[in-house]
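K.L.:
take this sequence and fold it.
(one chain, ligands or ions: 1)
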Amino acid sequence: MTILDTIVAKKIQEVAESKAAVPAPVLEQMPLFGRDCLSLRHSVADSTKNGIIAEFKRASPSKGVINDHSTVAQVVTAYQQAGVSAVSVLTDSHFFKGGLDDLVAARAALNIPLLRKDFTIDAYQITEAKAYGADIILLIAAILSPAQIRQLSEHAHALGLSVLLEVHNREELERSMVDTVDAVGVNNRNLHDFSVSLRHSLELVDCIPNRFIKVSESGISDPVTIRQLREAGFNAFLIGENFMKTDNPALAIGEFVKGL
Ligand SMILES: O=C(O)c1ccccc1NCC(=O)[C@H](O)[C@H](O)COP(=O)(O)O
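P.N.:
Numbers count the residues shown, from 1 in each chain. Down below sits the predicted model:
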């Protein structure tokens with residue numbers, strides 16, 4: 001059993017509890033459910049922004065606690081001021097110490113697209129993402145069948161949300177790519193053993209059709225790498241730990257973008 005199996009087993013239990021506590025029709029009555037989502041595609045195409053999807057990440061299975069002192073509002077405000085194209089917030093509580101409250105706090109501080117970063121296995125979580133202010137949801141190919149990816153992405157689109165499909169290797173990419181996703185992210189981190197290599201992005205970029213936004217995810221820690229990934233064909237770059245592990249993520253993103 002890998003960490004991903006453990007996370008999914010826990011998630012199945014959590015989703016069942018959430019459905020019982022707050023049924024989907026209740027989510028649909030929440031104030032943020034009625035707002036119009038911001039488009040990831042438009043934001044990434046906006047040349048005044050830098051393509052970075054900057055992540056608020058308190059902890060992770062691979063690193064343990066990364067940052068338990070910064071507030072969501074302070075960090076995401078600095079991310080936005082640094083010209084990022086979108087912000088990602090981890091909402092898993094057990095393994096990442098995040099939560100839906102973090103999503104709401106980020107929404108209140110931002111006017112750029114907001115990704116709910118979680119392990120989506122059920123349409124309920126997508127309705128929940130919309131109700132708590134997200135614009136984008138994540139679907140991870142390693143934990144979903146192609147039929148589930150299609151069904152979940154159609155539900156997201158029906159609610160106006162953009163969809164980021166995450167793959168790690170060619171096999172996942174070939175079996176999972178459906179027209180109902182907006183972006184394909186190559187995760188440089190192997191979610192089974194936590195090894196990280198940019199090689200995954202560089203090897204897969206040309207296999208992703210240009211109609212999808214191409215995102216390189218994880219393990220990015222310097223502006224030179226962004227330039228290399230951009231030249232290879234990526235439009236967006238998901239970065240969390242590099243900023244969050246510092247004493248002051250707000251300063252860290254400011255310094256980082258000066259080097260772009
Ligand atoms: O980060 C982990 O340890 C992890 C473990 C198991 C499943 C997912 C995990 N991370 C989620 C992510 O994909 C990253 O938070 C995201 O791509 C940013 O990566 P980084 O810049 O390396 O923090």
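
K.L.:
gap between the helix or strand containing Glu166 and the chain center?
P.N.:
Secondary-structure element containing Glu166, defined by DSSP states H and E: strand 162-167. The chain centroid and the centroid of strand 162-167 are separated by 8 Å under CA atoms, centre = their mean, to the nearest Å.

K.L.:
same question, stretch 165-185
P.N.:
Relative to its parent chain, stretch 165-185 has a centroid offset of 14 Å by CA atoms, centre = their mean.

K.L.:
could you give me the buried positions within that stretch?
P.N.:
Using 16 or more other CB atoms under 10 Å as the test for burial, stretch 165-185 gives 165-168, 172-173, 176-178, 180-185. C-beta here means a position set from N, CA and C on the backbone, and glycine is covered the same way.

K.L.:
hmm, stretch 232-250 in reach of the ligand?
P.N.:
Yes - Stretch 232-250 reaches the ligand (CB under 6 Å from any ligand atom) through 238-242.

K.L.:
ranking by neighbours, what's the top pick from those residues?
P.N.:
Taking other CB atoms under 10 Å to define a neighbour, the member of the residues of stretch 232-250 next to the ligand with the most is Gly240, carrying 27 neighbours.

K.L.:
which ones are touching that one?
P.N.:
Each residue near Gly240 by CB atoms under 8 Å, 6 or more residues apart in numbering is listed here: 54-57, 66, 88, 90, 218.

K.L.:
just flag the most distant two among those residues.
P.N.:
Farthest apart among the contacts of Gly240 by CB to CB are Phe56 and Ser218. That separation is 14.9 Å.

K.L.:
quick one: the helices in the stretch 1-150 of the chain?
P.N.:
3-21, 24-27, 40-45, 72-81, 100-109, 123-131, 146-158 (DSSP state H, counting those that start in this stretch).

K.L.:
all set, thanks.
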